[in-house]
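Chemist: sequence isn't available, so here's the structure alone:
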């Protein structure tokens with residue numbers, strides 16, 4: 001039995017219930033033509049809003065980071081303190097665990113922005129470096145022999161070591177996956193990073209592998225090993241990706257309560273960028289289309305520096321699109337706050 005997916009990319013009973021309830025309310029109150037017109041304008045308004053957010057993002061000052069960081073590639077995992085190794089979330093799960101791509105059904109486009117609420121005052125803080133935007137496309141139709149996804153992101157950071165400088169990151173992921181057993185999915189990912197500092201540009205090619213085992217419909221266990229390839233020696237150590245390994249657990253209780261628990265370890269040549277992290281996330285449904293998320297994570301570097309991260313998120317799940325927002329606050333650290341916003345459009 002395949003793993004349940006919360007979003008409208010599969011034919012699970014859970015998703016069918018969401019869609020039917022949404023359509024019942026909408027189409028009983030309005031005529032068929034008015035209802036379709038309302039959905040059309042909602043989608044257009046959302047796309048226009050995201051274009052505005054992208055423009056706003058690059059008009060504001062970049063936040064900074066010179067120490068270890070945990071990039072947030074999506075607002076769903078962002079609202080759950082970064083946990084997501086064993087989950088199936090469109091637009092982001094296959095970045096954390098390549099094996100998750102095989103569980104997605106149909107196709108979807110995801111547009112997202114992180115730290116879009118940053119202000120000029122944040123320029124002196126050490127917030128997450130993933131200040132920018134991302135785009136992803138995943139496809140797994142019945143005619144496809146392999147599930148596939150493309151994820152592209154552009155971000156920047158302000159580094160102080162010892163002089164302040166702006167770093168620009170251009171990342172691209174290609175992920176392929178499939179089921180190797182009825183309840184075990186595997187995936188491979190290729191990661192390309194282009195790092196631009198004021199003097200030079202560096203490029204790194206790396207790979208990852210992941211597995212997602214779903215022994216029961218309510219339980220998922222994920223494992224991933226990312227960036228295991230040795231980077232070129234000409235790239236400065238602080239610019240390299242560093243390998244990351246992790247294991248995650250997802251438990252679904254009666255379809256309305258989702259509990260996530262992840263443990264990850266990043267091995268980097270710089271002690272200040274090597275760490276272990278334990279993340280706990282809890283997601284619950286407020287209604288058929290509205291979800292709330294909370295999470296807490298503890299990061300500990302090899303230099304025994306400990307950072308706590310708290311998160312909160314909201315998600316809207318409709319038949320035509322979904323919107324997710326996440327807020328993350330770092331405690332006992334100068335990294336500050338982080339905001340993430342995603343829109344997911346299946347087709």
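Modeler: The structure has been received and is ready for your questions. Here the structure is a predicted model, which is why all the values come from computation and not from measurement.
Chemist: what ranges do the strands span in the stretch 151-300 of the chain?
Modeler: 164-181, 184-196, 201-216, 219-226, 243-253, 257-267, 275-285, 290-301 (DSSP state E, counting those that start in this stretch).
Chemist: next, the angle from the second one to strand 219-226.
Modeler: Just to be clear, that refers to strand 184-196. Taking axes from the mean of the first three to the mean of the last three Cα atoms, to 10 degrees, one finds strand 184-196 and strand 219-226 inclined to each other by 40 degrees.
Chemist: so which elements touch strand 184-196?
Modeler: Applying 3 or more Cβ pairs under 8 Å, 6 or more residues apart in numbering; DSSP states H and E, one finds that strand 184-196 contacts helix 93-96, strand 164-181, strand 201-216. In this view, the C-beta of every residue, glycine as well, is placed from N, C-alpha and C.
Chemist: that strand pairs with which strands, parallel or anti?
Modeler: strand 164-181 (antiparallel), strand 201-216 (antiparallel) (DSSP bridges).
Chemist: redo those as a markdown table? Include mean neighbour count, mean pLDDT and distance to residue 133.
Modeler: Output for the strands paired with strand 184-196, formatted as a markdown table (neighbours: other Cβ atoms under 10 Å; pLDDT from 0 to 100; distance: least, Cβ to Cβ, whole Å):
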| stretch | mean neighbour count | mean pLDDT | distance to residue 133 |
| --- | --- | --- | --- |
| strand 164-181 | 17 | 90 | 11 |
| strand 201-216 | 18 | 95 | 20 |
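Chemist: let's have the ones you listed in JSON lines, adding distance to residue 247.
Modeler: Shown next, in JSON lines, are these (distance: least, Cβ to Cβ, whole Å):
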{"stretch": "strand 164-181", "distance to residue 247": "18"}
{"stretch": "strand 201-216", "distance to residue 247": "10"}
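Chemist: tell me which of these lies nearest to residue 225.
Modeler: For residue 225, the closest of the strands paired with strand 184-196 is strand 201-216, at 5.4 Å, according to Cβ to Cβ.
Chemist: and that closest one with strand 243-253, angle?
Modeler: Using the same axes, to 10 degrees: strand 201-216 against strand 243-253 is 30 degrees.
Chemist: any weak-confidence spans in the stretch 51-200 of the chain?
Modeler: Low-confidence segments of the stretch 51-200 of the chain (pLDDT under 70): 51-72, 116-130, 159-164.
Chemist: where along it do the helices fall?
Modeler: All helices of the stretch 51-200 of the chain, identified by DSSP state H, counting those that start in this stretch, fall at 75-78, 93-96.
Chemist: could I get those in JSON lines, plus columns for distance to residue 111 and mean neighbour count?
Modeler: Output for the helices of the stretch 51-200 of the chain, formatted as JSON lines (distance: least, Cβ to Cβ, whole Å; neighbours: other Cβ atoms under 10 Å):
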{"stretch": "helix 75-78", "distance to residue 111": "11", "mean neighbour count": "32"}
{"stretch": "helix 93-96", "distance to residue 111": "15", "mean neighbour count": "31"}
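Chemist: which one of those helices lies nearest to residue 314?
Modeler: Counting by Cβ to Cβ, residue 314 lies closest to helix 75-78 out of the helices of the stretch 51-200 of the chain; the figure is 8.9 Å.
Chemist: ok, back up a step: could you dump the strands of the stretch 151-300 of the chain to TSV with distance to residue 114?
Modeler: Compiled in TSV, the strands of the stretch 151-300 of the chain are given as follows (distance: least, Cβ to Cβ, whole Å):
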stretch	distance to residue 114
strand 164-181	12
strand 184-196	17
strand 201-216	21
strand 219-226	19
strand 243-253	19
strand 257-267	19
strand 275-285	17
strand 290-301	16
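Chemist: next one: residue 276 from residue 262, what distance?
Modeler: 11 Å (Cβ to Cβ, to the nearest Å).
Chemist: who has more neighbours out of those two?
Modeler: Counting neighbours by other Cβ atoms under 10 Å for residue 276 and for residue 262 shows that residue 262 has the greater number, 29 against 15.
Chemist: per-residue confidence at residue 229?
Modeler: Looking at residue 229, its pLDDT reads 91.
Chemist: shouldn't it be in contact with residue 206?
Modeler: Yes - between residue 229 and residue 206 there is a contact under Cβ atoms under 8 Å: 4.7 Å.
Chemist: possible to save the helices and strands packed on strand 184-196 as JSON lines with distance to residue 293?
Modeler: Shown next, in JSON lines, are the helices and strands packed on strand 184-196 (distance: least, Cβ to Cβ, whole Å):
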{"stretch": "helix 93-96", "distance to residue 293": "15"}
{"stretch": "strand 164-181", "distance to residue 293": "23"}
{"stretch": "strand 201-216", "distance to residue 293": "20"}
